[in-house]
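Participant: what's the 3D shape of this:
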Amino acid sequence: MNESKEVRHDRENPYAAKLIARKRLNKFGSNKSVFRLTFDIGELEYICGDTLAVYPKNEGSEVDPILNILQLPKDSRIEIRNNSYLIRDALIEKFCITHLTKRFLDAFARKLTDQDRSVFAEIFRGEKENQYSLLELLTRFLAVKINSDELCRLLKKMPPRLYSIASSKNAQGRYLDLIVGAVSYKNFLGNMRQGVASTYLTSRMQIGDFADVYVASSAFRLPSNVSTDIIMVGPGTGLAPFMGFLHEREYLKNFVRDVGHNWLFFGDQHRKFDFLEEDELTRLQRVGVLNILDLAFSRDQEYKIYVQDRMLEKGEELWQWLCNGAYFYVCGDAGRMAIDVKNMLKNIAIRIGGLEEEEANNWLDNLKKTGRYQEDVY
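Facilitator: As a prediction, the model looks like this:
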């Protein structure tokens, strides 16, 4: 009797996860559009703290003009790893057309006239590289022709996007949550651009559609000892993994009496519009899972208040938790927020803990080495 082999889903063999629900988390009037998405992931396994890798799709409305400019019939086919695809489908699903590589740009420049090459060098090079799309480039230099095989050989393969999982496998079974903010901005040409993955997930996917996904393991983990207290700092969509942590600990409370205390620092712009998952966090407080919730809404007063400011306000209690063995977690923006939070923690160690600067640095280093200070930043 042959035993069935478990199918492994990874970067090369993703799983088709069905979108079963999508809910806007901030209210109309907010400057942001943030959604909770729920997928049916079947038997995919994950641990709280893991990330879900999602393969997005390009918009057909951006692909069709490219095919028109290059005079490539939509029903023409190309070969990718011994599989045949319609050129339109390939450009939607398999290739990155919003950010171009140096390899592509170099090949494109060789097709230009001397005059156009000078214009190209002035507009599309230097610090502005990677900030424009294939459609913008082709629209500016209409005379350039690229055949389908060359186009697909030079374009970068569509990379997966990683999102912190906002649910607990133990608590929610086959249903997995993400918290995703739609990204939009103006590029250096003055054109509005939208994040390919974020708009795919938050608006272009329809309920019942399938997305290609796989679970990417992470070192961002709850303490192995369930009685250990945890402190979580997650402004904005950085809240995501901590929803999973809290639901996991709620699940554990059904089996283990001595589950550690949980403290969350959450912040955003306006409480009225941007208090993500307010109802669920309130419920978790009510049932005794979320023991402390500190909020920082930066634009609700004349001077801005951030999560690190709330940390300082609660510095003595925060220091006591850490002295008693609590784990400290940060999720969100790596460029500024995570740095500010780490600096504030060091400041608390000096001002409240009485450490010298070098001692505070060593203390932080030791927290990291022992897994008691963990970051999930991007």
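Participant: For the rest of this, base every contact and every neighbour count on C-alpha atoms.
Facilitator: OK.
Participant: Which residues lie in contact with Cys323 in this structure?
Facilitator: Under the criterion of CA atoms under 8 Å, 6 or more residues apart in numbering, Cys323 has no neighbours.
Participant: Tell me the helices and strands packed up against the longest strand seen in the chain.
Facilitator: Ranked by residue count and defined by DSSP state E, the top strand of the chain is strand 15-24. Packing partners of strand 15-24 (3 or more CA pairs under 8 Å, 6 or more residues apart in numbering; DSSP states H and E): strand 34-40, strand 210-216.
Participant: would you turn these into CSV with distance to Leu293?
Facilitator: Converted to CSV, the helices and strands packed on strand 15-24 look like this (distance: least, CA to CA, whole Å):
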stretch, distance to Leu293
strand 34-40, 20
strand 210-216, 29
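Participant: Tell me where the model's unsure across this protein.
Facilitator: Filtered on pLDDT under 70, the chain yields the residue ranges 1-6, 125-131.
Participant: let's go with 50 and repeat that
Facilitator: Scanning the chain with the threshold set as pLDDT under 50 gives 1-4.
Participant: The helices and strands packed on strand 15-24: which one's closest to Leu100?
Facilitator: Nearest to Leu100 among the helices and strands packed on strand 15-24 is strand 210-216; the distance by CA to CA comes to 22.7 Å.
Participant: now the closest one against strand 15-24, angle please.
Facilitator: Relative orientation of strand 210-216 versus strand 15-24 (axes from the mean of the first three to the mean of the last three CA atoms, to 10 degrees): 100 degrees.
Participant: continuing past strand 210-216, what's the next helix or strand?
Facilitator: strand 230-233 (DSSP states H and E).
Participant: Could you list the buried residues of the helix or strand that comes right after that next one?
Facilitator: As assigned by DSSP H and E, the chain's next helix or strand after strand 230-233 is helix 240-253. By neighbour count on 16 or more other CA atoms under 10 Å, the buried set for helix 240-253 is 240-253.
Participant: re the thing from before, make CSV out of the helices and strands packed on strand 15-24 and add mean neighbour count.
Facilitator: Formatted as CSV, the helices and strands packed on strand 15-24 follow (neighbours: other CA atoms under 10 Å):
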stretch, mean neighbour count
strand 34-40, 22
strand 210-216, 21
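Participant: Which one of the ones you listed lies nearest to Ile339?
Facilitator: Evaluated over the helices and strands packed on strand 15-24, closeness to Ile339 peaks at strand 34-40, with 23.6 Å, by CA to CA.
Participant: Strand partners (parallel or antiparallel) of the closest one?
Facilitator: Paired neighbours of strand 34-40 in the sheet (DSSP bridges): strand 15-24 (antiparallel), strand 175-181 (antiparallel).
Participant: Residues contacting it, please?
Facilitator: Under CA under 8 Å, 6+ apart, the answer for strand 34-40 is 17-26, 174-182, 201-202, 237.
Participant: now these: which count as buried?
Facilitator: Using 16+ other CA under 10 Å, the buried members of the contacts of strand 34-40 are 17-22, 24-26, 174-182, 201-202, 237.
Participant: separation between Lys169 and Asp177?
Facilitator: 10 Å (CA to CA, to the nearest Å).
Participant: Nearest to Asp333, out of the helices and strands packed on strand 15-24?
Facilitator: Closest among these, using CA to CA: strand 34-40, at 15.4 Å.
Participant: got the angle between that closest one and helix 240-253?
Facilitator: Angle, strand 34-40 to helix 240-253, by the same axes, to 10 degrees: 50 degrees.
Participant: Thr139: neighbouring residues, count only.
Facilitator: By the criterion of other CA atoms under 10 Å, Thr139 has 14 neighbours.
Participant: To clarify, my last question referred to Asn343.
Facilitator: Neighbours of Asn343 (other CA under 10 Å): 15.
Participant: thought Leu252 was touching Val259?
Facilitator: Yes - contact criterion CA atoms under 8 Å: Leu252 and Val259 qualify, at 7.1 Å.
Participant: Would you mark the buried spots in stretch 251-261?
Facilitator: Tyr251, Leu252, Lys253, Val259, Gly260, His261.
Participant: Can you check the distance spanned by that stretch, start to finish?
Facilitator: Stretch 251-261 has an end-to-end distance of 14 Å (criterion: CA to CA).
Participant: what's that stretch in contact with?
Facilitator: Asn170, Ala171, Val226, Ser227, Thr228, Asp229, Ile230, Arg249, Val289, Leu290, Asn291.
Participant: buried subset of those?
Facilitator: Those of those that meet the buried threshold are Asn170, Val226, Thr228, Asp229, Ile230, Arg249, Val289, Leu290, by 16+ other CA under 10 Å.
Participant: Show me which of the residues you listed is closest to Tyr329.
Facilitator: Set against Tyr329, the nearest of those by CA to CA is Ile230 (7.6 Å).
Participant: what's across from Leu178 in the sheet?
Facilitator: When bridges are called by DSSP bridges, Leu178 pairs up with Leu37, Ile165.
Participant: what sits against Pro241?
Facilitator: Shown in contact with Pro241 (CA under 8 Å, 6+ apart): Cys48, Gly49, Ser164, Ile165, Ala166, Ser167, Cys331.
Participant: of those residues, closest to Ile69?
Facilitator: Ile69 has its nearest neighbour among the contacts of Pro241 in Ser164, at 38.3 Å by CA to CA.
Participant: burial count for that closest one?
Facilitator: Neighbour tally, Ser164, other CA under 10 Å: 29.
Participant: I'd like to know how far the closest residue to it other than its chain neighbours sits from Tyr214.
Facilitator: Spatial nearest neighbour of Ser164, chain neighbours left out: Thr51 (4.4 Å); criterion: CA to CA, 6 or more residues apart in numbering. Using CA to CA, we find Thr51 at a distance of 9 Å from Tyr214.
Participant: just Lys304 next, same as before
Facilitator: For Lys304, the distance to Tyr214 equals 39 Å [CA to CA].
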